[in-house]
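Asker: Just need the structure, nothing else, for what follows:
(one chain, ligands or ions: 1)
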Amino acid sequence: MNKMFRIQYTIWFIFSLFLVCGEKPDANPPKTNLYLGIPKTDYLTGKFNAEKVFAKVTLDDSTREHYLRPEVKTALLKMITDFEDQKPQNYKQNIFLVSSFRNFSHQKGIWESKYTGKKAMRVPIKDKTPNEIVSLILEFSSAPGTSRHHWGTDFDINALENSYFEEGGKGKILYDWMKIHAKKYGFCQPYNSLAQRGNKGYQEEKWHWSYAPISNQLTKAWTDSFLKSEITLTGTFLGAEILADGALDYVTSISSECALANTPSL
Ligand SMILES: [Zn+2]
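Answerer: Residues are numbered from 1 along each chain as shown. Okay, the predicted model is just below:
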């Protein structure tokens, strides 16, 4: 009996020692600080001051100030440097920003200038119904509160026209390099060809790139908040009632390649 007790005690002692000295798994690993201290729906809909939470990005070619999340800025600068190192010697183009963070009111300005006809679109809005006008705007522009440009993860590069990045365009070499290498840095082109997205959402935008490790989380968060009516668009801009629940398709119809860029390898 005594011997039995000693054995049991020894086993208990060794086990206790293991508990004390062994590496304890962290029950709560640190999460990405997704909203940077801003209330969730304000962040998701671009209602905050970017200068307080984002990093200023200054590139040689910038004609105006750009703000992105700090981790996005780091990845972008690394990608730009590597492209400069790897591009053909005689190739003059480099990667630069045309647009980056845009807040709710900036996006509302873009949307309403098109809705009221102040800014021209593919076809004139004269004689068009409000439904037709909203469809025309949505070919290339997001409604305020639904834009990926609110998140500090997305930006437009070089030229807002696909032809710049295609055969015969100045940006063809740059775009071909991005298609191969951007995912290493965490970037994807969310609006690839419409056919690859079941003909849903915005037209293809070869200039728009997104930092997937964070924007994938924000896409999910936006969708969840919209479905729970934490995000409501009604009454916040002209034509919001027409867009209504259609906003969901535009936010969620993105390239499946964004899931692959979720884990940068650099
Ligand atoms: Zn864009």
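
Asker: Tell me the buried residues in the strand or helix carrying residue 108?
Answerer: Following DSSP states H and E, one finds residue 108 within helix 104-115. Within helix 104-115, the residues that count as buried by 16 or more other CB atoms under 10 Å are 104, 106, 107, 108, 109, 110, 111, 112, 114, 115. C-betas here are computed from N, CA, C, even on glycine.

Asker: do the same with stretch 174-181
Answerer: Within stretch 174-181, the residues that count as buried by 16+ other CB under 10 Å are 174, 175, 177, 178.

Asker: Redo those as JSON lines? Include pLDDT and secondary structure.
Answerer: Output for those, formatted as JSON lines (pLDDT from 0 to 100; DSSP: H, G, I helix; E, B strand; the rest coil):
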{"residue": "174", "pLDDT": "98", "secondary structure": "helix"}
{"residue": "175", "pLDDT": "98", "secondary structure": "helix"}
{"residue": "177", "pLDDT": "98", "secondary structure": "helix"}
{"residue": "178", "pLDDT": "98", "secondary structure": "helix"}
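
Asker: what's the most distant pair in those?
Answerer: 175 and 177 (7.2 Å; CB to CB).

Asker: The nearest residue to residue 150 once chain neighbours are set aside: how many residues sit nearby?
Answerer: What sits nearest to residue 150 in space, not counting adjacent residues and going by CB to CB, 6 or more residues apart in numbering, is residue 46, at 3.0 Å. Counted by other CB atoms under 10 Å, the residues lying close to residue 46 total 24.

Asker: Could you look up the SS state of residue 46?
Answerer: coil (DSSP: H, G, I helix; E, B strand; the rest coil).

Asker: Pick out the residue of the stretch 51-200 of the chain closest to the ion.
Answerer: residue 156 (4.2 Å; CB to the ion).

Asker: pretty sure that residue is in a strand, no?
Answerer: Yes. Assessed by three-state DSSP, residue 156 belongs to a strand.

Asker: That one and residue 206 touch, don't they?
Answerer: No. Contact between residue 156 and residue 206 fails when scored by CB atoms under 8 Å: they sit 9.9 Å apart.

Asker: Tabulate the buried residues of stretch 174-181 in TSV, adding columns for distance to the ion.
Answerer: TSV is the format used below for those (distance: CB to the ion, whole Å):
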residue	distance to the ion
174	17
175	15
177	19
178	14
